[in-house]
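Asker: let's see this in three dimensions:
(chains A and B)
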2 protein chains.
Amino acid sequence: MKAVVCVTLKPDVLDPQGRAIQRACATLGWDGVADVRQGKYFEIQLQTTDRAAAERMARELCEKLLANPVIEDWRIERIEG
Amino acid sequence: MKAVVCVTLKPDVLDPQGRAIQRACATLGWDGVADVRQGKYFEIQLQTTDRAAAERMARELCEKLLANPVIEDWRIERIEG
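Answerer: Model prediction:
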């Protein structure tokens, strides 16, 4: 099964990379871009056919490896068969 | 409106960062992780209340700024009101 996971900075944490993109947008003429936040995206191929096991494993990976819980939130976007 | 966008490497493009994560998983005892691909995730706050305009703008940003069309694919995950 494939787990799709997104890791984002917590709302209170400054995101200089996202800010730089927002400024680049303004400089390049896209005035309607109010804010940009950048995060990380993971597609994880898991050797299981059990959806519940895949979700459990994805959660464990997020908690222990992919996200820094001090400054980041994570979310399992979907589990694909 | 808010556009949520994911940018991923094309399937044929090597992803050393994802590979490193997959190896770290194996080293740390998660044997069931067959493959990891890492991408980028963007939350873009747009100064419009028109869903179609927001989607058009998000598409333009992806094509011209956020993704490198030579090696990357992009996808608008959702437009939130």
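Asker: could I have the longest strand along chain A exported to CSV, CA atoms only?
Answerer: For chain A, the strand that runs over the most residues, judged by DSSP state E, is strand A:33-46. C-alpha atoms of strand A:33-46 as CSV (Å, rounded to 0.1, in the frame of the first residue of the first chain):
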residue,chain,number,x,y,z
VAL,A,33,-0.6,35.9,-3.6
ALA,A,34,-1.1,36.9,0.1
ASP,A,35,0.9,34.2,1.7
VAL,A,36,2.8,31.0,0.9
ARG,A,37,3.8,28.2,3.4
GLN,A,38,6.0,25.4,2.2
GLY,A,39,6.0,21.9,3.6
LYS,A,40,7.2,18.4,2.8
TYR,A,41,5.4,15.7,1.0
PHE,A,42,6.2,12.0,1.2
GLU,A,43,4.9,9.0,-0.8
ILE,A,44,5.8,5.9,1.2
GLN,A,45,5.5,2.5,-0.4
LEU,A,46,4.7,-0.1,2.3
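Asker: and after that strand, which helix or strand comes next?
Answerer: Moving toward the C-terminus from strand A:33-46, the next helix or strand (DSSP states H and E) is helix A:51-61.
Asker: report the buried residues of stretch A:66-76.
Answerer: Going by neighbour count (16 or more other CB atoms under 10 Å in any protein chain shown), the buried part of stretch A:66-76 is A:66, A:67, A:72, A:74, A:76. Bear in mind the C-beta positions are built from the backbone N, C-alpha and C, glycine included.
Asker: for the helix or strand encompassing the last one, name the packing helices and strands.
Answerer: Take DSSP H and E as the rule and residue A:76 turns out to sit in strand A:72-80. Using 3 or more CB pairs under 8 Å, 6 or more residues apart in numbering or on different chains; DSSP states H and E as the contact criterion, the elements in contact with strand A:72-80 are strand A:2-9, helix A:51-61.
Asker: which residues does the closest residue in space to residue A:48 that isn't next to it in sequence contact?
Answerer: Spatial nearest neighbour of residue A:48, excluding adjacent residues (CB to CB, 6 or more residues apart in numbering or on different chains): residue A:54 at 5.3 Å. For residue A:54, the contact set (CB atoms under 8 Å, 6 or more residues apart in numbering or on different chains) comprises A:1, A:3, A:46, A:48, A:79.
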